[in-house]
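Peer 1: 3D, please:
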Amino acid sequence: MFDFYFELPLLLRLLLQGTAVSLVLLPRAPPCSMAERKISAWIQGRPGPNRTKPPIAGFLAPLGLVASIPVLGTALQKLGIYQLAADGGKFTFKEDPIPGHVNKFYFVLAPIASMIPALTTVAFVPFGAYFDAAGKLVPVALTNLDVGLLAVFALGSLGVYSLILAGWASNSKYPFLGGVRASAQLISYELSMTLSVLPVFLWVNAPGGQGTLSLFDVVQTQSQPGFWGGTWYAMTMPVSAFIFLVALFAETNRQPFDMPESEADLVGGFHTEYGAFKWSLFFVAEYAHMIVGSGIFCLLFLGGWNPLPWVSFADLAHWLHFADKPLLMGLIAIGLFLAKVGFFIFFFMWVRWTLPRFRYDQVMKLGWQKLLPLSIANLIAYALVIAWIETR
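Peer 2: You can find the predicted model right below:
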């Protein structure tokens, strides 16, 4: 059915695939922003934007047009849907002046640079699987590298440079402090995050096998028959999962780790001097990092697109008789994976509107005195356990 697509030149196919994924990832920011407002309203009992409506709606109602139009418009207004359009229009068309005291070139470059890691890391994240004509399970991904996780870490960590650049280029003390905090927080938690995933790959890379850092292979090792073969790593390595999740909050600058922003003591942190469209790019990048980070966590510790522990997606496809329909199989796998990612996006927002912000010294103490020693002890413990299992 899709043979014509695979006959296209490789460069054209990569361009189409990259554009498709970017067009899916970029529009996620408005729904995430809307979800953020809804969740904060539910948790904290706050009123939401339920009065925003387009001016044309006021003219349509008295004209007695279709009766359902006012009803539908009122429902969308009560849900706050129109606020998304209002925010998008404001960010796009609002005057976006550049302060006179900033370094203009780097000031403009910083929000653009924030989008590059956010949109490139998704290229190495598999988000589904299907059986090809030969009956082999292949991933739905832009690229399936053997060093996929290493590529995600390498590119994802570059996102902090945009925050540092924004703080430095603003020529103002509060943005500069926000940029310094961003770099310190990245260094503090990147070590713990890296050490937390090493036990997973020690288990995946059994002696005598071909070494890999592929995220698809990690999902495959959680899709094997038997009790231990189908157990998700969140169940066998809960400490690793906990450390990775805490470090993920810090890496994405989400509260209670939003030290680079911290409006309570830094006014607005690294983006204090920004407004309108350039300001919005920083938060599109933040939501993109949050989505990709949630996907990485699901792949590493929650079985990826496998529906349940000990129930692999391949078995589900055979049971429900859609293993011979690659398009349907791919869509179902993507749906299962996105459902898990959606839960973690909700979890990110739940934590933000529940926990108070840490102080800067608390963030540093937690990273260096608590999380890093715990991650080292966890790595040593699992290395010993895995070595004992292999030598039995």
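Peer 1: who's in contact with stretch 271-280?
Peer 2: Residues from elsewhere that reach stretch 271-280, judged by CB atoms under 8 Å, 6 or more residues apart in numbering: 29, 90-92, 94-97, 99, 102, 107-108, 111, 166, 170, 172, 174-175, 178, 261, 266, 282. The C-beta positions use only the backbone N, C-alpha and C, and glycine is treated the same way.
Peer 1: same thing but at 6 Å, please
Peer 2: With CB atoms under 6 Å, 6 or more residues apart in numbering as the contact definition, stretch 271-280 has outside contacts at 91, 94, 96, 99, 111, 170, 172, 174-175, 282.
Peer 1: List only buried entries from the residues you listed.
Peer 2: 91, 111, 170, 172, 174-175, 282 (16 or more other CB atoms under 10 Å).
Peer 1: Generate TSV for these, with distance to residue 385 as supplementary columns.
Peer 2: Formatted as TSV, these follow (distance: CB to CB, whole Å):
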residue	distance to residue 385
91	51
111	46
170	49
172	51
174	47
175	46
282	42
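Peer 1: Going by distance to residue 149, which of the residues you listed wins?
Peer 2: Residue 149 has its nearest neighbour among the buried ones among the contacts of stretch 271-280 in residue 282, at 25.4 Å by CB to CB.
Peer 1: before we move on, what SS does that closest one have?
Peer 2: Secondary structure assignment for residue 282 (DSSP: H, G, I helix; E, B strand; the rest coil): helix.
Peer 1: Enumerate every residue touching residue 284.
Peer 2: Neighbouring residues of residue 284 by CB under 6 Å, 6+ apart: residue 29.
Peer 1: Relative to residue 391, how far out is it?
Peer 2: Residue 284 is 50 Å from residue 391, where distance means CB to CB, to the nearest Å.
Peer 1: ditto for residue 144
Peer 2: In this structure, residue 144 and residue 391 are 32 Å apart, going by CB to CB.
Peer 1: Among the two, which residue is more densely surrounded?
Peer 2: residue 144 (15 against 7; other CB atoms under 10 Å).
Peer 1: Surely that one and residue 216 touch.
Peer 2: Yes - counting by CB atoms under 6 Å, residue 216 is a contact partner of residue 144 at 5.4 Å.
Peer 1: Just the CA atoms of stretch 233-250, as PDB, please.
Peer 2: C-alpha atoms of stretch 233-250 as PDB (Å, rounded to 0.1, in the frame of the first residue of the first chain):
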ATOM      1  CA  TYR A 233      11.900  -1.900  34.400                       C
ATOM      2  CA  ALA A 234       9.900   0.500  36.600                       C
ATOM      3  CA  MET A 235       9.100  -2.600  38.600                       C
ATOM      4  CA  THR A 236      12.500  -4.200  38.700                       C
ATOM      5  CA  MET A 237      14.500  -0.900  39.000                       C
ATOM      6  CA  PRO A 238      12.200   1.400  40.900                       C
ATOM      7  CA  VAL A 239      15.100   3.500  42.300                       C
ATOM      8  CA  SER A 240      16.500   4.100  38.800                       C
ATOM      9  CA  ALA A 241      13.000   5.100  37.600                       C
ATOM     10  CA  PHE A 242      12.600   7.500  40.600                       C
ATOM     11  CA  ILE A 243      16.000   9.200  40.100                       C
ATOM     12  CA  PHE A 244      15.400   9.500  36.400                       C
ATOM     13  CA  LEU A 245      12.000  11.100  37.000                       C
ATOM     14  CA  VAL A 246      13.300  13.600  39.500                       C
ATOM     15  CA  ALA A 247      16.200  14.500  37.200                       C
ATOM     16  CA  LEU A 248      13.700  14.900  34.400                       C
ATOM     17  CA  PHE A 249      11.800  17.500  36.300                       C
ATOM     18  CA  ALA A 250      15.100  19.400  36.900                       C
END
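Peer 1: List the buried residues in that stretch.
Peer 2: For stretch 233-250, burial by neighbour count (16+ other CB under 10 Å) applies to 233-234, 236-237, 239-250.
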